[in-house]
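1. pasted the sequence and its predicted model underneath.
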Amino acid sequence: MVTDSSSPSDSERPRDDTRTEKPPRRARRTRMTGAERRQQLLEIGRTLFAAKGFEGTSVEEIAAKAGVSKPVVYEHFGGKEGLYAVVVDREMRRLLDMVTGSLTAGHPRELCEQAAFALLDYIEEYTDGFRILVRDSPIPQSTGSFASLISDIATQVEDILGREFKSRGFDPKLAPLYAQALVGMVALTGQWWLDVRRPKKAEVAAHLVNLAWHGLDGLEQKPKLIGHRKS
């Protein structure tokens with residue numbers, strides 16, 4: 001029997017490495033702790049509620065964004081309502097803490113500046129949170145509504161105005177009225193600035209304080225109406 005000497009022996013044949021090559025190992029996914037998952041769901045919910053509102057956001061969408069099943073959302077928050085309530089409560093507390101924590105100066109005008117800056121800082125840094133707060137909440141909150149939050153902030157300002165009124169000979173009983181007016185002015189201006197972002201934050205604060213301070217500076221002790229309506 002004649003053999004073909006030109007054909008390579010088994011030992012000489014090139015090895016097919018693809019047959020013995022092992023597939024690459026998949027990187028193991030790190031499992032989130034319960035606290036990490038809860039925080040992830042809060043952040044996702046906060047973003048979706050800000051963009052779409054409570055009614056426009058579904059548990060399915062929250063779960064899909066988090067890469068989990070719907071029962072995981074229910075396990076942590078009992079449903080969309082529970083998640084929304086926690087998001088709103090956290091934002092309410094954050095805003096209130098920022099405003100009340102900013103009132104550290106001694107001069108009343110600087111206090112007005114600090115309060116205005118605190119609200120504008122919150123809007124700039126926590127835009128999604130502010131968008132959620134200014135919407136009417138569809139479910140009761142343990143911390144109240146945005147209107148009640150503004151009232152809480154006004155109470156802080158009320159004490160400052162009361163002392164200033166008394167030192168200038170004005171009736172300190174009127175301080176709550178002026179406090180509501182001043183804080184409401186800043187809050188509504190903040191809602192407007194939320195979308196336009198012009199002029200710059202410091203300039204907005206300066207104009208707010210300009211109106212508030214010079215309005216208080218020229219305050220009449222007993223203002224009178226000049227129109228035909230008297231009651």
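-> Received the coordinates, thanks. Residues are numbered from 1 along each chain as shown.
2. what packs against whichever strand or helix holds His214?
-> For His214, the host element (DSSP states H and E) is helix 201-217. Contacts defined by 3 or more C-beta pairs under 8 Å, 6 or more residues apart in numbering; DSSP states H and E place helix 201-217 against helix 108-125, helix 175-196. C-beta coordinates here come from the backbone N, C-alpha and C atoms, glycine included.
3. helices or strands next to the lowest-mean-pLDDT helix or strand in the chain in the packing?
-> Lowest by mean pLDDT, DSSP states H and E among the helices and strands of the chain is helix 146-168, with a mean of 85. For helix 146-168, the packing partners by 3+ C-beta pairs under 8 Å, 6+ apart come out as helix 80-102, helix 108-125, helix 127-134, helix 175-196.
4. what residues does it touch?
-> If you take C-beta atoms under 8 Å, 6 or more residues apart in numbering as the criterion, helix 146-168 is touched by 92, 95-96, 99-100, 103, 108, 111, 115, 133-134, 137, 143-144, 171-172, 174-176, 178-180, 182-184, 187, 216.
5. got the helices and strands packed on helix 201-217 as JSON lines, with mean neighbour count and distance to Glu81 columns?
-> Output for the helices and strands packed on helix 201-217, formatted as JSON lines (neighbours: other C-beta atoms under 10 Å; distance: least, C-beta to C-beta, whole Å):
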{"stretch": "helix 108-125", "mean neighbour count": "20", "distance to Glu81": "25"}
{"stretch": "helix 175-196", "mean neighbour count": "17", "distance to Glu81": "25"}
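6. the ones you listed into TSV, with extra columns for distance to Ala206 and mean pLDDT?
-> Compiled in TSV, these are given as follows (distance: least, C-beta to C-beta, whole Å; pLDDT from 0 to 100):
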stretch	distance to Ala206	mean pLDDT
helix 108-125	8	91
helix 175-196	12	92
